[in-house]
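Student: give me a 3D structure for the following:
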Amino acid sequence: MEPWVLNFISVISLVVLLSFGAYLSAAEMAFASLSRARINNLAESGGKRGRRAQLVVDLYETRFDEVISTVLICNNFVAISSATISAALFARLMPEYGYLISTFVVATVVILFTDIFPKSTTKENPEKVALSVAPSINVLMTLLMPVNKGIIKLKNRFSSKISADGEDTETAPQERLEQELIFMVEEAETDGIINEDDSQLITNAIEFNEVSVWDVLTPRVKIASIPINSSVDEVAGLFLRYGFSRMPVIENSIDEVRGIIHLRDFLKCIASSDSKNPVTLADIITPAVYTVTGAPITEALKLLKKEKSHMAIVADEYGGTEGLVTMEDILEELVGEIWDENDEVFEDFQKLSESKHKILGTAAIDKMFEYFDIEAESESITVGGWIMDTLRRIPAEGDSFIFEKLNVTVTKTNGRSAEECEVEVMTENKEEYEEAEEDLGGSAPEPPQGD
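Tutor: The predicted model follows:
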């Protein structure tokens, strides 16, 4: 065969191979960057485009490993073949430096034209590219099926060894998906696509399933209740005193809830009663709805909607009352604090200066750690409970201790727990921590350190 013919065939082969490599790189990026929501919407649209989109959905959701394996096998074949053919071509054209020039030229062409350009272009519209390449990728997958099966078996074997012992393989993908969604929302907020309020609402909705009744309940010591034997005047006085629209009615203690009374029902009965038909609480209370501390608030919300109630009593393991949860408590996990015109507004976190903050004892300890960007955990739910656990006694006004970068001082108590504290953010300098501890006279116990 004439040398020029061989060179011509080599050049044509290189062009074909490099074009095929660019095609495969675009296919790889398309499937790796797909938006599941967009491609599912296209699949539901019907017609030829809908059928093509359904093929993409099937490949993406059920055979993704095969897709990537096929693309990588073909891409490596293209790279090796291109390198071999180009080396032979340049060796014939420039016998002295052909191999060196071939390496430089092929590396540059492969990186630019079969990797960077197709992938960066595909990233802008992966769904459109996926629709174009899906049939041919499906054919290649069929041709390489025996090889793919062997590779996937090896991959699964190695994955099972690498995975942590005892990892919940069913919940891990869901957790990863939630983390990815939250990351996407944060990125959208950073880029200015959505505002902070929208970002917080979406994040709360994603994490809504992870919140339990225990996280939002009102503890039993703070429940405002009405004794079953109260007179009309006493009931009216309690409604005026507490300002609630509904309250539980108890027999002897908060552990014996007889039902729930609504202010509207109470006022109706007063308006329609007379001396011959006096009002009794037993006539106007409605049965109480019960839930447990470990129930997700999504289940509690379903229960309240089913029972057409806005309040549920939270039972403890002994059948007593742990607290209560309302529809408003649950909705506040989505949209934040809800205040009406009669509520006295209390801010859990108040900034006093650049370094000092006032925090209510009822504030959630997890939110306080998040507020100060501290990675720590606590068995307590509230800041007041955390202070008590840290001091290992009933707190008194003036008690102080250091936790991580925070200097915490109790500023208000009710004799049994901390109602307010002042937190000063200290510089992250160990020597200054030790000096601060000395200034406290060594009276504060060493607090537990965060994980």
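
Student: going by C-alpha atoms from here, please, whenever you check contacts or count neighbours.
Tutor: Fine.

Student: can you find the helix or strand of this structure with the lowest average pLDDT?
Tutor: When each helix and strand of the chain is scored by mean pLDDT, DSSP states H and E, helix 430-439 comes last, with a mean of 51.

Student: can you give me the strands in the stretch 351-451 of the chain?
Tutor: Per DSSP state E, counting those that start in this stretch, the stretch 351-451 of the chain carries strands over the ranges 356-360, 400-403, 406-413, 418-425.

Student: list the buried residues in stretch 126-146.
Tutor: 126-127, 129-131, 133-134, 137-138, 141, 144 (16 or more other CA atoms under 10 Å).

Student: tabulate those residues (TSV), appending pLDDT, secondary structure and distance to residue 48.
Tutor: TSV is the format used below for those (pLDDT from 0 to 100; DSSP: H, G, I helix; E, B strand; the rest coil; distance: CA to CA, whole Å):
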residue	pLDDT	secondary structure	distance to residue 48
126	86	helix	18
127	85	helix	15
129	87	helix	15
130	87	helix	14
131	87	helix	11
133	87	helix	15
134	88	helix	13
137	88	helix	18
138	87	helix	17
141	86	helix	22
144	84	coil	26
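
Student: closest one of those to residue 398?
Tutor: Residue 398 lies nearest to residue 126 out of the buried residues of stretch 126-146, by CA to CA, at 60.9 Å.

Student: for residue 36, see how far away the nearest residue to that closest one once chain neighbours are set aside is.
Tutor: Distance criterion CA to CA, 6 or more residues apart in numbering; nearest residue to residue 126, sequence neighbours excluded, is residue 30 at 4.3 Å. Distance, residue 30 to residue 36, using CA to CA, to the nearest Å: 12 Å.

Student: so between the two, which is more surrounded?
Tutor: residue 30 (27 against 13; other CA atoms under 10 Å).

Student: the more buried one and residue 124 touch, don't they?
Tutor: No: Residue 30 lies out of contact with residue 124 (CA atoms under 8 Å); the separation is 9.4 Å.

Student: ranges for the strands of the chain?
Tutor: 218-219, 226-227, 246-250, 257-262, 289-292, 311-315, 321-326, 349-351, 356-360, 400-403, 406-413, 418-425 (DSSP state E).

Student: picking that back up, ok, the residue nearest to residue 126 - contacts?
Tutor: Taking CA atoms under 8 Å, 6 or more residues apart in numbering, we find residue 30 in contact with 122-123, 125-127, 129-130.

Student: go on, residue 372?
Tutor: By CA under 8 Å, 6+ apart, residue 372 has no neighbours at all.

Student: please tell me how far it sits from residue 285.
Tutor: The gap separating residue 372 from residue 285 is 45 Å, by CA to CA.

Student: show me what the residue lying closest to residue 235 once chain neighbours are set aside is bridged to.
Tutor: Among residues not flanking residue 235 along the chain, residue 226 sits closest, at 6.8 Å (CA to CA, 6+ apart). Under DSSP bridges, the beta-bridge partners of residue 226 are residue 249.

Student: return the distance of residue 226 relative to residue 66.
Tutor: In terms of CA to CA, residue 226 sits 66 Å off from residue 66.

Student: contact partners for the spatially most central residue of the chain?
Tutor: The chain has residue 207 as the residue nearest its centroid, 4.5 Å off, counting by CA atoms, centre = their mean. Taking CA under 8 Å, 6+ apart, we find residue 207 in contact with residue 178.

Student: for residue 38, which non-adjacent residue is spatially closest?
Tutor: Nearest non-adjacent residue to residue 38 (CA to CA, 6+ apart): residue 127, at 7.6 Å.

Student: wait, that neighbour sits on residue 36?
Tutor: No: with contact defined as CA under 8 Å, residue 127 does not reach residue 36; the gap is 9.3 Å.

Student: returning to what we had before: tell me which of the strands of the chain sits nearest to residue 115.
Tutor: strand 418-425 (48.9 Å).

Student: list the pairing partners of the closest one within its sheet, with orientation.
Tutor: strand 356-360 (antiparallel), strand 406-413 (antiparallel).

Student: where do the helices sit along the stretch 251-400 of the chain?
Tutor: 263-272, 281-284, 297-307, 327-335, 365-371, 383-391 (DSSP state H, counting those that start in this stretch).

Student: among these, which is nearest residue 44?
Tutor: helix 297-307 (29.3 Å).

Student: pLDDT below threshold where in the stretch 351-451 of the chain?
Tutor: Where the stretch 351-451 of the chain drops to pLDDT under 70, the residues are 428-451.

Student: out of the helices of the stretch 251-400 of the chain, deepest packed?
Tutor: helix 383-391 (a mean of 21; mean count of other CA atoms under 10 Å).

Student: residues contacting residue 218?
Tutor: If you count contacts by CA under 8 Å, 6+ apart, then residue 218 has 323-325 around it.

Student: what is the mean pLDDT for stretch 8-15?
Tutor: The pLDDT scores in stretch 8-15 average 86.

Student: the closest residue to residue 7 other than its chain neighbours: neighbour count?
Tutor: Excluding the flanking residues, the one nearest residue 7 by CA to CA, 6+ apart is residue 89, at 6.2 Å. Using other CA under 10 Å, residue 89 has 23 neighbouring residues.

Student: same question, residue 41
Tutor: Residue 41 - counted by other CA under 10 Å - has 13 other residues nearby.

Student: quick check: bridge partners of the residue nearest to residue 219 when sequence neighbours are not counted?
Tutor: Nearest non-adjacent residue to residue 219, counting by CA to CA, 6+ apart: residue 323, 4.3 Å away. Beta-bridge pairing of residue 323 under DSSP bridges involves residue 219, residue 314.

Student: quick check, residue 323 in contact with residue 313.
Tutor: Yes: if you go by CA under 8 Å, residue 323 and residue 313 touch, sitting 6.2 Å apart.

Student: run through the stretch 1-150 of the chain and note the low-pLDDT ranges.
Tutor: 1-2, 98.

Student: can you map out the helices along it?
Tutor: 3-32, 36-43, 47-62, 64-93, 98-111, 117-124, 126-143, 145-162.

Student: got the angle between the first one and helix 47-62?
Tutor: Between the direction of helix 3-32 and that of helix 47-62, the angle (axes from the mean of the first three to the mean of the last three CA atoms, to 10 degrees) works out to 80 degrees.

Student: if I take helix 3-32 and helix 98-111, what angle do their directions form?
Tutor: Using the same axes, to 10 degrees, helix 3-32 lies at 30 degrees relative to helix 98-111.

Student: buried sites along helix 3-32?
Tutor: Buried residues in helix 3-32 (16+ other CA under 10 Å): 7, 10-11, 13-14, 17-31.

Student: go on, the last one?
Tutor: Under the neighbour-count criterion of 16+ other CA under 10 Å, helix 145-162 has residue 148 buried.

Student: from residue 230, how far out is the residue nearest to residue 126?
Tutor: Residue 30 is 70 Å from residue 230, by CA to CA.

Student: residue 57 too?
Tutor: 65 Å.

Student: who has more neighbours, these two?
Tutor: The neighbour comparison of residue 57 against residue 230 (other CA under 10 Å) goes to residue 57, with 23 against 14.
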